[in-house]
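In: Model the structure of this input:
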Amino acid sequence: MEKKKKIFILAISIAFLVVAGTLGSYGVSTFKKTKALEQADALVSMEKYKDGIIIYENMLSKKYNKAVADKRDLAIELMESKENYKEAMELFDAGEYQKSIRFFSRISKNDKKRYGETTKTLKGIEENIFQEIRDEFEVGNQDDAIDRLNNYIKAVPTSVEAKNLKDELKFSIKEAKKNQEMKMEEAKKRAEEEEQLNEIACTAYNVEDTYQTIIAKNANLRVAPKLDADVITTIPEGSECYVMETKVENSERFWCKVQCYDSYGESRTGWVSYNTMNYKY
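Out: Numbers count the residues shown, from 1 in each chain. As a prediction, the model looks like this:
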C-alpha cells in the first residue's frame, strides 16, 4: 500500500513538472511575441517602416495572425506614402507642379502626419493650374487648355473641381460655336438683304421716267411714300402711270411718285408702291 502511494505521488509530480514546463514554454513564447510586436510597433511609430515590416513578416512566417498582417499592410502603406510625399515635395520645390500632383494624390489618408498638409498644398496647386488653364482658354488656346486639363484629370481622377471645370469649358465652347453660327447666319442674312437692296435700288433707278401699268385690282395713291400715309384715291387695274421719281423703303419695297388719271379721268399725282405695278422700260 505504501508503495502504491509513493508511485501515485511520483506520477503527480511528473505531471506537474510537464504542465509547468509546457506553461513556462508557452509563457516565454508569448512574451517573446509580445515584445516583438511592441518593438515593431515602436519602429513604425518612429517611421522606421522597413525594420518594423521585417519583424511583422518574421512573425507571420511562423504563424499567420490577421492583426499582425493588418499592421504590416498599414506599415507598407505608410512607407509608400512617405516616399510619395518626398518625391512630390522635390517636384513642387522645383516648380514642377503638374508632375508633383501625381505623387501628392498618392498620399494615404492614414498618413496623419502628411495628409492634411498635402490636401492644402494640392488645393493651392489645383487653383493655380485651373487659373492658368482658364487664362489659356480665354486667349484662344482652347485645345491646349483642354489637353492640359485632361492630363490633370488623369493624374487626379477624383478631382470634382477638375471635372466641373471641364464641363464649364465644354459649355463655353458649345456657346461660342453657337454664337459664331448665329453671327455667320446674321452676316449671311445681312449680305442677302444688302444684295436685295442693291437690286431693288437698281430697279427703282431704271423705273424713273418710264410708264408703268397698274396690275393690282386697285392701287392706293398716297400723299407720301409710306403705308400709313393718307390715301388720295385708288388707281384702277390697267391704268398707266408716269413715274416721276422713286424712293427705296427697304429690300422688299420701293415707292414711285407718279402722275396718272383716276377712274373719273382727273389727273392725279402721288405715291404708289411699285409692288402694284409691272416693270417695263
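In: Mind listing what's buried along the top strand by length along the chain?
Out: Criterion DSSP state E: the longest strand present in the chain is strand 240-250. Of the residues in strand 240-250, Cys241, Val243, Thr246, Val248 count as buried by neighbour count, 16 or more other CB atoms under 10 Å. For every residue, glycine as well, the C-beta is placed using N, CA and C.
In: Show me what counts as buried in the helix or strand following it.
Out: Using DSSP states H and E, the helix or strand that follows strand 240-250 in sequence is strand 253-261. Under the neighbour-count criterion of 16+ other CB under 10 Å, strand 253-261 has Phe254, Trp255, Cys256, Lys257, Val258, Cys260 buried.
In: Report the angle between strand 253-261 and strand 240-250.
Out: Interaxial angle, strand 253-261 versus strand 240-250 (axes from the mean of the first three to the mean of the last three CA atoms, to 10 degrees): 160 degrees.
In: Tell me the strands beside strand 253-261, with direction?
Out: Strand pairing for strand 253-261, using DSSP bridges, gives strand 240-250 (antiparallel), strand 267-273 (antiparallel).
In: got the CA positions of the last one in PDB?
Out: These are the backbone C-alpha positions of strand 267-273, laid out as PDB (Å, rounded to 0.1, in the frame of the first residue of the first chain):
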ATOM      1  CA  SER A 267     -55.100 113.900-113.300                       C
ATOM      2  CA  ARG A 268     -53.600 112.900-110.000                       C
ATOM      3  CA  THR A 269     -50.100 113.000-108.500                       C
ATOM      4  CA  GLY A 270     -49.000 110.900-105.500                       C
ATOM      5  CA  TRP A 271     -47.000 107.900-104.300                       C
ATOM      6  CA  VAL A 272     -47.800 104.300-105.100                       C
ATOM      7  CA  SER A 273     -46.000 101.100-104.200                       C
END
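In: coming back round to it: is it possible to get a markdown table of the buried residues of strand 253-261 that adds distance to Ser100?
Out: Putting the buried residues of strand 253-261 into a markdown table (distance: CB to CB, whole Å) gives the following:
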| residue | distance to Ser100 |
| --- | --- |
| Phe254 | 71 |
| Trp255 | 75 |
| Cys256 | 79 |
| Lys257 | 81 |
| Val258 | 84 |
| Cys260 | 88 |
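In: Tell me the one of the residues you listed nearest Glu161?
Out: Glu161 has its nearest neighbour among these in Phe254, at 60.4 Å by CB to CB.
In: wait, doesn't the closest one sit right on Ile200?
Out: Yes - taking contacts as CB atoms under 8 Å, Phe254 lies within contact range of Ile200: 5.6 Å.
In: Can you check which residues contact both of the two?
Out: Val248 (CB atoms under 8 Å, 6 or more residues apart in numbering).
In: what angle separates the strand or helix carrying Ile235 from strand 240-250?
Out: Assigned by DSSP H and E, Ile235 belongs to strand 231-236. Between strand 231-236 and strand 240-250, the angle comes out at 120 degrees (the same axes, to 10 degrees).
In: partners of strand 231-236 in the sheet?
Out: strand 218-222 (antiparallel).
In: Okay, buried residues for the strand it pairs with please.
Out: Ala219, Asn220, Leu221, Arg222.
In: Give the rounded mean pLDDT of the strand holding Ile235.
Out: In this model, strand 231-236 carries a mean pLDDT of 92.
In: Would you mind giving the strands paired with strand 253-261 as TSV with mean pLDDT added?
Out: Putting these into TSV (pLDDT from 0 to 100) gives the following:
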stretch	mean pLDDT
strand 240-250	94
strand 267-273	95
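In: Same list, the ones you listed, but as JSON lines with distance to Glu168 please.
Out: Output for these, formatted as JSON lines (distance: least, CB to CB, whole Å):
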{"stretch": "strand 240-250", "distance to Glu168": "42"}
{"stretch": "strand 267-273", "distance to Glu168": "53"}
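In: pLDDT below threshold where in the stretch 151-281 of the chain?
Out: 279-281 (pLDDT under 70).
In: Now tell me what touches the strand holding Ile235 from outside.
Out: Here strand 231-236 has contacts from 214, 218-223, 241, 260, 262-263, 268, 270, 272, 276, using CB under 8 Å, 6+ apart.
In: Return it as CSV; C-alpha atoms alone will do.
Out: Extracted in CSV, the C-alpha atoms of strand 231-236 (Å, rounded to 0.1, in the frame of the first residue of the first chain):
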residue,chain,number,x,y,z
VAL,A,231,-54.8,107.8,-99.5
ILE,A,232,-55.6,110.3,-102.2
THR,A,233,-57.5,107.9,-104.4
THR,A,234,-57.4,104.4,-105.8
ILE,A,235,-56.0,103.7,-109.3
PRO,A,236,-57.9,101.1,-111.3
